[in-house]
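Trainee: okay, predicted coordinates and the sequence, questions at the end:
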Amino acid sequence: MAKDTKRTKSARDAIDRDAEYELTAAVKMVKDAATAKFDETIEIAMSLNVDPRHADQMVRGVVQLPSGTGKNVRVAVFAKDAKADEARAAGADLVGAEDLAEKIQAGEMDFDRCIATPDMMAVVGRLGKVLGPRGLMPNPKLGTVTVDVAGAIAAQKGGQVEFRVEKAGVIHAGVGKASFAEDALEANVAAFINAVLRAKPSGAKGTYVKKVAVSSTMGPGVKIDIGTVSS
């Protein structure tokens with residue numbers, strides 16, 4: 001690993017790992033510490049006071065990041081006839097029905113999101129063991145089982161991010177790139193935090209959010225005081 005430059009070291013030394021910072025300050029610190037030779041992803045981690053083994057404490061949802069993700073998202077769509085044509089026109093990277101299912105069963109998984117029209121779910125259902133563990137199974141609650149194929153594709157490619165709490169009660173997600181302007185990152189982080197707050201499950205007791213931190217791919221984590229995040 002290359003030695004830190006003076007600027008990088010200064011940026012890292014300025015971060016108190018135990019302190020919680022106002023959102024604007026936290027984003028600036030993370031950007032200043034992101035000095036890799038590639039455009040680092042800005043990531044958020046939220047530690048929640050929930051146990052997802054209990055159905056009434058599961059946290060899951062979707063959020064549209066106002067500034068986008070900065071990532072080229074490849075979308076696969078299960079559709080037939082006119083809806084397949086609509087998907088292609090809307091920019092889907094892979095479109096098909098039984099033929100697409102066969103490719104996926106054979107291990108062809110060159111996509112990041114999967115959308116299906118309702119009439120295709122019998123076909124998609126057979127892929128549960130392949131798509132499920134990768135978080136790619138279409139779900140009507142997340143807007144990925146729909147007749148509005150074009151709208152779903154636009155959302156997925158335009159900055160829609162799904163989130164789901166892990167066993168330890170933590171949610172991770174990418175919320176932009178280090179090259180984004182600070183206000184663009186602030187908007188994305190605020191949108192993500194508020195989406196998780198809105199998704200608070202009925203079984204959550206006491207303090208729902210224990211800790212929130214942002215970091216770049218190669219940089220240190222910076223804790224955020226969520227009281228400074230506007231709803």
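Mentor: Thanks, I have it.
Trainee: how about residue 145, nearest residue that isn't a chain neighbour?
Mentor: Computed as CB to CB, 6 or more residues apart in numbering, the closest residue to residue 145 that is not its neighbour in sequence is residue 138, at 4.6 Å. C-betas here are computed from N, CA, C, even on glycine.
Trainee: can you tell me the helix or strand for the one you found?
Mentor: For residue 138, there is no host helix or strand (DSSP states H and E).
Trainee: for it, grab the count of nearby residues.
Mentor: Residue 138: 25 surrounding residues under other CB atoms under 10 Å.
Trainee: shouldn't it be in contact with residue 144?
Mentor: Yes. Between residue 138 and residue 144 there is a contact at 4.2 Å, judged by CB atoms under 8 Å.
Trainee: mind giving me the packing neighbours of the biggest helix by length in the chain?
Mentor: Secondary structure of the chain per DSSP state H: the longest helix is helix 182-198. Using 3 or more CB pairs under 8 Å, 6 or more residues apart in numbering; DSSP states H and E, the elements in contact with helix 182-198 are helix 23-33, strand 41-48, strand 60-64, strand 160-164, strand 170-177, strand 209-216.
Trainee: would you mark the buried spots in it?
Mentor: With burial defined by 16 or more other CB atoms under 10 Å, the residues of helix 182-198 counted as buried are 184-193, 195-196.
Trainee: just checking, which helix or strand of the protein averages the lowest pLDDT?
Mentor: When the helices and strands of the chain are scored by mean pLDDT, DSSP states H and E, helix 6-13 comes last with a mean of 62.
Trainee: would you point out which residue is most central in this protein?
Mentor: Most central in the chain under CA atoms, centre = their mean is residue 161, positioned 3.6 Å from the mean C-alpha point.
Trainee: now do the contacts for that one.
Mentor: When the contact criterion is CB atoms under 8 Å, 6 or more residues apart in numbering, the partners of residue 161 are 62-65, 69, 173-175, 192.
Trainee: can you list these in CSV and add distance to residue 83 and pLDDT?
Mentor: CSV is the format used below for the contacts of residue 161 (distance: CB to CB, whole Å; pLDDT from 0 to 100):
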residue, distance to residue 83, pLDDT
62, 21, 90
63, 26, 93
64, 23, 91
65, 27, 94
69, 26, 90
173, 29, 94
174, 30, 94
175, 31, 95
192, 31, 97
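Trainee: could you list the residues in contact with the helix or strand harbouring residue 101?
Mentor: Using DSSP H and E, residue 101 maps to helix 98-105. Counting by CB under 8 Å, 6+ apart, helix 98-105 makes contact with 76, 78, 94, 96, 123-124, 126-127, 130-131, all of which sit outside it.
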